[in-house]
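Asker: Please find the sequence and the predicted model below.
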Amino acid sequence: MNIAILAPFPPPYGGVSVHATRLVDALREAGDDVAVVDVGRPSLRMILGVVMVAWRRDRLVHYHSDEGNWKMAIVLGLLFDAVGAKYVITLHSFRERTAFRNVLVRTLLRTTYDAAERVICISEHVREAVRALIGVDAAQCTVISSALPVSTEERMAPLPSAVPQAWLGAPVRVLFNVSRLVRYHDKDLYGLDVVLDAWRTVNVAHPSARLLVVIATVVDAPLYNSAMEHVRTLQGVDVLTDHTGLLMPFTVAAHVIVRATRTEGGPSLSIQEALENGCVTVGSNSVPRPLQTMLFRTEDAADCARVMGEAIHQVCEHGRPTPLIPSTVIVDRLRELYRTSTTTARS
């Protein structure tokens, strides 16, 4: 099959870009002809790349988006319609935006989604959100998880030299990742504040454990400054900021992974990666998580501390759990959807 993947590609290594990279590798390994256009950084090269892949009638376009890229989605939808290109869209999240209260915006966005061969949502939560916020028929949407298997290249990637040695030397290493330090409903989206509050209690019970906070991008400087002030009052916490490389080397080195998001599009690639690497995973119950995840109540620092403590105790008593065996079902489902999209007549 001839497929064009339009998505943000690394760096930085966020959930969407990591998924897109793994998808390209999996499709090429399956023998598909895959073209790639990085739409994460608008440029003349990006525009020319989009036009070239859209113009080819024998190539199915697969665009990866979320609620933040609604403007680009509308523009691409108009372009695809003008040249008669077939396309599918994956929505990796879909949260409320002020722009969605505008009737024209909703209409244009719904037209883009309705004209797609299929809209792929990474979770039922995303499918319900796009139906409620934009009015897209749920029947137009297919739920397929974004949790593709971790590549060998990712597993073999070395730790950066900037990794704190104190964390590497700790008998129990806890990892908390923040892709974008940004507010959601005026609170930290990733729940760093919750984890830091919880760590004060955890550190008393488990002083030998150490927490590493890896921050890729700081969007909200006041939020970052507040968090750093909080860190300075704690023991056993290291922070690595502006990390634009792979998270996987940290995951391989960690024993416990914590995900405290107040909301997100799906179960989280970070948790899936951690399970595949034999880590104990701790997550907020803001969205459905893999069954192996130890859950705490979203925004509840005391409950987070309790579960983090149980996770550390589990590592101390039993070591790492058996790594989760990744499934190839997701790639198979996507390729079947591609086949269906390229063989059916455009409505």
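Answerer: In hand now; what should we look at?

Asker: This structure: helices as residue ranges?
Answerer: Per DSSP state H, the chain carries helices over the ranges 15-29, 44-55, 70-83, 103-115, 124-134, 152-156, 165-168, 192-205, 221-231, 248-253, 269-276, 301-318, 329-343.

Asker: Could the C-alpha coordinates of stretch 68-81 be exported in CSV?
Answerer: What follows is stretch 68-81, C-alpha atoms only, in CSV (Å, rounded to 0.1, in the frame of the first residue of the first chain):
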residue,chain,number,x,y,z
GLY,A,68,-4.9,22.1,19.4
ASN,A,69,-4.3,21.7,15.6
TRP,A,70,-7.9,22.5,14.5
LYS,A,71,-6.8,25.3,12.2
MET,A,72,-4.4,23.0,10.3
ALA,A,73,-7.0,20.2,10.2
ILE,A,74,-9.5,22.6,8.4
VAL,A,75,-6.9,23.8,5.9
LEU,A,76,-5.8,20.3,5.1
GLY,A,77,-9.4,19.2,4.8
LEU,A,78,-10.0,21.9,2.2
LEU,A,79,-6.9,20.9,0.3
PHE,A,80,-7.7,17.2,0.3
ASP,A,81,-11.2,17.9,-0.9
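
Asker: ok, residues contacting that stretch?
Answerer: 6, 39, 50-51, 54, 61, 63, 65, 85-87, 89, 97, 99-100, 105, 108-109, 111-113, 115-116 (Cβ atoms under 8 Å, 6 or more residues apart in numbering). Yep, even glycine has a C-beta here, placed from its N, CA and C like the rest.

Asker: What mean pLDDT does it get?
Answerer: The pLDDT scores in stretch 68-81 average 94.

Asker: roughly how far apart are the nearest residue to residue 239 once chain neighbours are set aside and residue 329?
Answerer: Here the nearest residue to residue 239 in space, its sequence neighbours aside, is residue 213; by Cβ to Cβ, 6 or more residues apart in numbering that works out to 4.7 Å. Noted for residue 213: a distance of 33 Å to residue 329, by Cβ to Cβ, to the nearest Å.

Asker: between these two, which one's more packed in?
Answerer: Per other Cβ atoms under 10 Å, whichever of residue 213 and residue 329 has more neighbours is residue 213, with 25 against 10.

Asker: doesn't residue 192 make contact with the more buried one?
Answerer: Yes - using Cβ atoms under 8 Å, residue 213 makes contact with residue 192 at a distance of 6.8 Å.

Asker: Name the residues contacting each of these two.
Answerer: Common neighbours of residue 213 and residue 192, using Cβ under 8 Å, 6+ apart, are 176, 178.

Asker: quick one: low-confidence ranges for the stretch 51-200 of the chain?
Answerer: The model of the stretch 51-200 of the chain has pLDDT under 70 over residues 152.

Asker: Just the buried ones from the contacts of stretch 68-81?
Answerer: Those of the contacts of stretch 68-81 that meet the buried threshold are 6, 39, 50, 54, 61, 63, 65, 85-87, 89, 100, 105, 108-109, 112-113, 115-116, by 16 or more other Cβ atoms under 10 Å.

Asker: so how many other residues sit close to residue 169?
Answerer: 9.

Asker: Please report the distance of it from residue 245.
Answerer: Counting by Cβ to Cβ - residue 169 and residue 245 are separated by 21 Å.

Asker: Please read off the pLDDT at residue 30 from the model.
Answerer: 92.

Asker: go on, the one 4 residues further on?
Answerer: In the predicted model, residue 34 carries a pLDDT score of 96.

Asker: residue contacts, it?
Answerer: So residue 34 contacts 3, 4, 5, 24, 27, 28 (Cβ under 8 Å, 6+ apart).

Asker: State the distance from it to residue 298.
Answerer: According to Cβ to Cβ, residue 34 stands 38 Å off from residue 298.

Asker: and of the helices of the chain, who's closest to residue 239?
Answerer: With Cβ to Cβ as the criterion, residue 239 lies closest to helix 221-231 of these, at 5.9 Å.

Asker: list the helices and strands that closest one packs on?
Answerer: Contact here means 3 or more Cβ pairs under 8 Å, 6 or more residues apart in numbering; DSSP states H and E; on that basis helix 221-231 packs against strand 172-181, helix 192-205, strand 209-218, strand 237-241.

Asker: In its sheet, which strands sit next to the shortest one, and in what direction?
Answerer: Neighbouring strands of strand 237-241 in its sheet, by DSSP bridges, are strand 209-218 (parallel).

Asker: And for the partner strand, what's in contact with it?
Answerer: Contact partners of strand 209-218, identified using Cβ under 8 Å, 6+ apart, comprise 12-14, 163-164, 166-167, 170-181, 192, 195, 199, 202-203, 224, 231, 236-244, 247, 250, 254, 312.

Asker: okay, the angle between it and helix 221-231?
Answerer: When axes from the mean of the first three to the mean of the last three Cα atoms, to 10 degrees is applied, the directions of strand 209-218 and helix 221-231 differ by 170 degrees.
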